[in-house]
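*Asks:* Sequence first, predicted coordinates after that:
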Amino acid sequence: MAGGGFTRLPGGSVVVALSLPRPAARGAVETSRVRVLVHAANRPRALTRLKNHGLRAVHLRGNAEPPTPDEVTAVLHHPDGLLWRSVPDDATELWHPIASLMRPAA
C-alpha cells in the first residue's frame with residue numbers, strides 16, 4: 001500500500017509522489033520508507049517508469065499526499081525526472097537518483 005498523490009502541470013504532464021517501503025536486501029527486513037517522485041506525461045506512464053526500475057507492486061490510489069511545490073521543483077530540475085529520499089523528511093538529506101535506491105547496500 002502506498003500513500004501518494006499527483007499534480008498536473010500547466011503543460012499537461014504530471015508529477016507523481018509516492019511513499020513506499022524501502023526495498024530491502026534479499027532476506028533482510030527493512031521497515032523504513034522512502035518518498036519517490038516521478039515526472040511523466042501522465043499517471044499511468046509515471047507508474048510504468050517505476051515498474052521499469054523494479055518497483056513492481058506500485059499503485060496510486062487517490063490523491064491524499066500530492067507532491068509539495070518543493071518536490072515538484074526538485075523533480076523538474078533533475079535530468080531523469082525520477083528521485084527519492086528517506087521519509088520522514090530530513091531537511092539535510094538531498095534527493096537521490098532512483099538508481100541509487102535500487103543498488104544493493106554496501
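*Replies:* Received it, and whenever you're ready, just let me know what you need.
*Asks:* Double-check that Thr73 belongs to a strand.
*Replies:* No. According to DSSP: H, G, I helix; E, B strand; the rest coil, Thr73 belongs to no strand; its state is helix.
*Asks:* Against His39, how distant is it?
*Replies:* Distance, Thr73 to His39, by C-beta to C-beta, to the nearest Å: 11 Å. The way it works is simple: take the backbone N, C-alpha and C, and place the C-beta from them, glycine included.
*Asks:* who's more crowded, those two?
*Replies:* Per other C-beta atoms under 10 Å, whichever of Thr73 and His39 has more neighbours is His39, with 23 against 12.
*Asks:* so who does the more buried one touch?
*Replies:* 13-15, 46, 75-76, 78, 81-82 (C-beta atoms under 8 Å, 6 or more residues apart in numbering).
*Asks:* who's it bridged to?
*Replies:* Counting by DSSP bridges, His39 forms beta bridges with Val15.
*Asks:* What separation is there between it and Trp84?
*Replies:* 13 Å.
*Asks:* quick one: the helices in this structure?
*Replies:* Secondary structure of the chain, counting by DSSP state H: helices at 43-52, 69-76, 98-102.
*Asks:* which residues of this structure score low on pLDDT?
*Replies:* Of all residues in the chain, those with pLDDT under 70 make up the ranges 1-2, 23-31, 89, 102-106.
*Asks:* just to revisit the earlier point, just the buried residues of the contacts of His39.
*Replies:* 13-15, 46, 75, 78, 81-82 (16 or more other C-beta atoms under 10 Å).
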